[in-house]
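Peer 1: I would like the atomic coordinates for the input below:
(one chain, ligands or ions: 1)
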Amino acid sequence: MKKQQMYINGKWIGSIGNDWFETKNPGTGEVLAEIPRGKKEDVDAAVEAARTTFESEEWQSFPPIERGRILHKVADALRADAEEIALLETLDTGKPLTQARKDVEASALYFEYYAGMADKIFGETIPVQPGILDYTLREPIGVTAHIVPWNYPLQIISRSTAAAIATGNTVVAKPAEDTPLTAIKLAEIFDQTDLPKGVFNLVTGYGYEAGAAISEHPDVDHITFTGSVQTGSAVMMGAAKNVKPVTLELGGKSPNIVFDDCDQEEAVDWVVRSIIQNAGQTCSAGSRLLIQDSIKEEFLKKVVAKMEAIQIGKGVDDLDLGPILNEKQFSRILEFMDVANKEGAAFLTGGKRQETAGLENGYFFQPTVIDGLSPKSYVAQEEIFAPVVAAFSFETEQQAIELANGTDYGLVTGIWTKDGARAHRVASKIRAGQVFINNYGAGGGVQMPFGGYKKSGFGREKGLEALRNYTILKNVALKY
Ligand code: NAD
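Peer 2: Presented below is the predicted three-dimensional model:
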């Protein structure tokens, strides 16, 4: 068992209080490492370092193209150590190795994508009136905070810190307490670059201590948060005290809408993938399945057959489905199943802990298909974060749209049909940040803006849109 350290102002340190916590392998319960339990005073130190560096002559005069070159080196370093990093992610989160490898590649792509943007952040000239030269400057916003969840630890820390550093900000990042290992690895990679000390700072610790201290810190200029609605709302309240902007990505209850003219084999394949990936612990998981009446029975049969063929094992076994993150998340899923029973659900498959020899010490849950719930029921409305999909049926296009939009969330929607006009018509009525037609996720796409409608959050990550989070606009008017 190895003691890890935080990375503040270019130095590797424990917490000021010399407190520690453990991170465990969800597949075996084994303790992987001891992690510094950073609290308010550690956050203060990290924010001070980020502030001092942000205002330093060195960082203010750092050429944008140099920032880009360094981010390219971070991408290269991630790829060079991809196998080791993927294994670390698998051990810490439980996800199958193949999925962790994709996460490492996606993380490298974020650094590459935003590296290319570092010297392409433009303002505008605005024709106000003759004799006035009016222009805008898109400046870095300052000290940016990044509070990261445990489901895609490396990808999510990479997507926002890459954009923030590309645009000339400094960073204080906090990984989730359950999965800090790849964030520490990323800090090691930054440590090997020529980035000035204090540009990238990493504080490890619990949400209610380090996370809350970050949210309420008066010297943080922007907070990017990904996680639950409840915590997102707490972060927003903390930030409101100091009138600081936030970008919130808060999960969903995303539907796949399956029309009777779709390519069924393709749709079944993606419906299953969209709920099995990362054991359903994905903000954009396809957790609701809306099927047109005329094909419901045959389509569901195919989904059930595919769910029953899913192979379950530890992350390192690299099968289709790994364990749930921890005891807390696992109990939460069992409670949802209890409620589903009370709400009259028919379990077409799954619904229970997976009992397999060799998996006793991990939190393995069966791939589950539920039918018979009311669309207004609790289980149909709330994010479960498990390999559990709930099916509903519709007759008309209008009903499909109403069902799809009928939750408090609005992150992603999949539409399956061969009728192109219908696909676009439905897409235009969907209240979700991303709509996929005859695919789900388009391969992850770092280039595509991603974010929510309604309680799924606001602000956009990924793509060029994310650059708005990390820049602030100044208007300059000159009379001549
Ligand atoms: P969470 O939202 O509490 O945790 C996410 C991050 O926020 C972690 O880094 C955590 O340390 C930090 N945090 C926790 N409390 C905080 C606070 N008071 N102030 C600031 N930061 C704080 O998520 P959870 O409790 O681990 O998971 C609960 C549910 O959240 C899940 O079941 C799922 O529905 C949802 N979730 C969604 C996503 C997503 O990608 N949208 C990711 C993780 C969890």
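Peer 1: Looking from the ligand, tell me which residue of the stretch 351-480 of the chain is nearest.
Peer 2: residue 385 (3.7 Å; CB to the nearest ligand atom). C-betas here are computed from N, CA, C, even on glycine.
Peer 1: Tell me how many other residues crowd that residue.
Peer 2: Close neighbours of residue 385, defined as other CB atoms under 10 Å, add up to 23.
Peer 1: same check, this time on residue 242
Peer 2: As a burial measure, residue 242 scores 13 neighbours (other CB under 10 Å).
Peer 1: From the ligand, how far out is it?
Peer 2: Residue 242 sits 14 Å away from the ligand, going by CB to the nearest ligand atom, to the nearest Å.
Peer 1: ok, now residue 273?
Peer 2: 17 Å.
Peer 1: which stretch of helix or strand covers that residue?
Peer 2: Counting by DSSP states H and E, the element that carries residue 273 is helix 264-276.
Peer 1: okay, the nearest residue to residue 311 once chain neighbours are set aside: pLDDT?
Peer 2: With CB to CB, 6 or more residues apart in numbering as the criterion, residue 311 has its nearest non-adjacent residue at 3.9 Å, and that residue is residue 319. Residue 319 carries a pLDDT score of 97 in this model.
Peer 1: so is residue 319 in a helix, a strand, or just coil?
Peer 2: Classification of residue 319 by DSSP: H, G, I helix; E, B strand; the rest coil places it in coil.
Peer 1: That one: what's it in contact with?
Peer 2: Residues in contact with residue 319 (CB atoms under 8 Å, 6 or more residues apart in numbering) are 96, 311, 312, 313.
Peer 1: give the contact list for residue 447.
Peer 2: Here residue 447 is in contact with 113, 462, 463 (CB under 8 Å, 6+ apart).
Peer 1: what's the burial count for the nearest residue to residue 273 once chain neighbours are set aside?
Peer 2: Take residue 273 and drop its neighbours on the chain: the residue closest to it by CB to CB, 6+ apart is residue 440, 7.1 Å away. For residue 440, the count of nearby residues is 25 (other CB under 10 Å).
Peer 1: Show me which residues of stretch 308-315 are buried.
Peer 2: By 16 or more other CB atoms under 10 Å, the buried positions in stretch 308-315 come out as 310, 312, 313, 314, 315.
Peer 1: now stretch 92-104
Peer 2: 92, 93, 94, 95, 96, 97, 99, 100, 101, 102, 103, 104.
Peer 1: Kindly report the same for stretch 77-95.
Peer 2: For stretch 77-95, using 16+ other CB under 10 Å, the buried residues are 77-79, 82, 85-95.
Peer 1: Could you do stretch 314-323 as well?
Peer 2: Applying 16+ other CB under 10 Å to stretch 314-323 flags 314, 315, 316, 318, 320, 321, 322, 323 as buried.
Peer 1: Now do the strands for the stretch 351-480 of the chain: every range, in order, please.
Peer 2: 368-371, 388-394, 412-416, 434-437, 457-458, 471-479 (DSSP state E, counting those that start in this stretch).
Peer 1: List just the nearest of the buried residues of stretch 92-104 to the ligand.
Peer 2: residue 93 (11.1 Å).
Peer 1: Would you agree residue 89 falls within a helix?
Peer 2: Yes. According to three-state DSSP, residue 89 belongs to a helix.
Peer 1: Chain neighbours aside, what residue packs nearest to it?
Peer 2: residue 100 (4.1 Å).
Peer 1: Secondary structure of residue 225: a strand, I assume?
Peer 2: Yes. Counting by three-state DSSP, residue 225 falls inside a strand.
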